[in-house]
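[1] Starting from these lines, generate the structure:
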Amino acid sequence: MTASALEPFRVVFVCTGNICRSPMADVVLRWFADAGSLGDRVSSTSAGTGDWHVGERADQRTLDALERRGYDGTRHRARQFTHADFARNDLVVALDRSHERILHGWARSEADSDKIALLMSFDSSAPTLDVPDPYYAGPGMFDDVLVMIENASRALYRQIEPAVRSTI
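    Alright, predicted model coming up:
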C-alpha cells in the first residue's frame, strides 16, 4: 500500500476492450470509496489490453446495468493500458486470467508485476477467478457480471480501506 497523506491510493482495472467489465469495476470501486468518505483518498480508472474501442463510451448494456443498480457510468471513455499505468497506479487489477497473463508479459520489473492482482481473488466466496466477458451475451449477463464485480470490489475496498484511513 503506497497511499500517503498527500497521494491517493490508485487502482486501474483492466479488461479486453475497456467497455464492459473494467468500467463497471472502476465505477463500483469509486462508489464504495465515496460512500466510505474516502473518495479523495482512493482513485480508480480502467483500461483495456486492446485498442479497439479507444475513445468510445462504455457499451450501452454496461451503462444500462450500472444504471439499474444506481451507478453512473456515463463519463467513461475507453483507453488502452500503457506501461505508464504501472508507474501511475499502486494496484493493477485484471478482470480475468488472460488479462493477468498479458499484464505480466508487459511488466518491465518485479515491482510492476507485484502490482498485478485478479479482481475475483479479493472475494473469497467467488466460485471462479475470472469475470466472464458479457460482450457477446444479453443484458442479463451484464447484470450477473456486475453483481460479481460488486462483491469483489466490496472485498477489495474492505482490504484497502484501513490502510488508506491510516494515512489521513
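
[2] Check for me that Ala78 belongs to a helix.
    No. Ala78: not assigned to a helix; according to DSSP: H, G, I helix; E, B strand; the rest coil it is coil.

[3] hang on, it packs against Ala58?
    Yes. With contacts counted by CB atoms under 8 Å, Ala78 reaches Ala58, the gap being 7.4 Å. All C-beta spots, glycine's among them, are computed from the backbone N, C-alpha and C.

[4] what's the overlap in contacts for the two?
    Common contacts of Ala78 and Ala58, defined by CB atoms under 8 Å, 6 or more residues apart in numbering, comprise Ile19, Pro23.

[5] who has more neighbours, those two?
    Taking neighbours as other CB atoms under 10 Å, Ala78 and Ala58 compare with Ala58 leading, 28 against 23.

[6] ok, the closest residue to Arg154 other than its chain neighbours - how many residues close by?
    Distances taken as CB to CB, 6 or more residues apart in numbering place Phe32 nearest to Arg154, at 6.3 Å, with adjacent residues excluded. Residue neighbour count, defined by other CB under 10 Å, stands at 20 for Phe32.

[7] which secondary structure element contains Phe32?
    helix 21-35 (DSSP states H and E).

[8] which helices and strands sit right next to that helix?
    Applying 3 or more CB pairs under 8 Å, 6 or more residues apart in numbering; DSSP states H and E, we find helix 21-35 packed against strand 9-15, strand 42-48, helix 60-68, helix 139-165.

[9] for those, which one sits closest to Asn89?
    Ranking these by proximity to Asn89 (CB to CB) places strand 9-15 first, at 4.5 Å.
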